[in-house]
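Dropping a prediction and its sequence here:
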Amino acid sequence: MTSWQSYLDEHQSEYLEQMLDFLRIPSISSLPEHAGDVRAAGEWVMARCRDAGLEHIEMMETGG
């Protein structure tokens with residue numbers, strides 16, 4: 001087994017829990033009352049990008 005495979009095996013439950021956290025956000029909706037959920041999902045993705053070392057991250061607002 002290669003080192004990256006070992007790393008993934010060791011951290012599988014952590015990554016799975018993170019993905020489940022993301023999937024629990026009701027972020028696919030055109031209903032205005034879910035605008036905060038859509039934003040929360042975007043912020044979650046931005047945080048994971050920062051955790052991965054990305055420096056230039058921007059949330060882009062759209063019309064809907």
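That came through fine. Numbers count the residues shown, from 1 in each chain.

C-alpha only now, for contacts and for neighbours.
OK.

Tell me how far C49 lies from G42.
11 Å (Cα to Cα, to the nearest Å).

can you map out the helices along this protein?
For the chain, helices defined by DSSP state H occupy the ranges 3-23, 35-51.

Would you mark the buried spots in stretch 12-25?
22, 25 (16 or more other Cα atoms under 10 Å).

need the contact list for V38.
Residues in contact with V38 (Cα atoms under 8 Å, 6 or more residues apart in numbering) are 25-29.

how about 10 Å then?
25-30, 32, 44 (Cα atoms under 10 Å, 6 or more residues apart in numbering).

And H56, by the same measure?
46, 49-50.

For it, report the pLDDT, please.
pLDDT, the model's per-residue confidence, is 95 for H56.

mind checking how far the most centrally placed residue in the chain is from L23?
Centroid-nearest residue in the chain: V45, 3.3 Å away (criterion: Cα atoms, centre = their mean). Using Cα to Cα, we find V45 at a distance of 11 Å from L23.

what does S6 give?
According to Cα to Cα, S6 stands 25 Å off from L23.

can you check A52 too?
Distance, A52 to L23, using Cα to Cα: 19 Å.

for E55, same thing?
The spacing between E55 and L23, counted by Cα to Cα, is 24 Å.

Over to T62?
According to Cα to Cα, T62 and L23 sit 21 Å apart.

Surely A47 is in contact with I57?
Yes: checked against Cα atoms under 10 Å, the pair A47 and I57 is within contact range at 9.2 Å.

follow-up on the earlier one: out of the contacts of H56, which is most surrounded?
Most neighbours among the contacts of H56, by other Cα atoms under 10 Å: M46, with 17 neighbours.

Would you agree that residue is in contact with F22?
No: when contacts are counted by Cα under 10 Å, M46 is not listed as touching F22 (11.7 Å).
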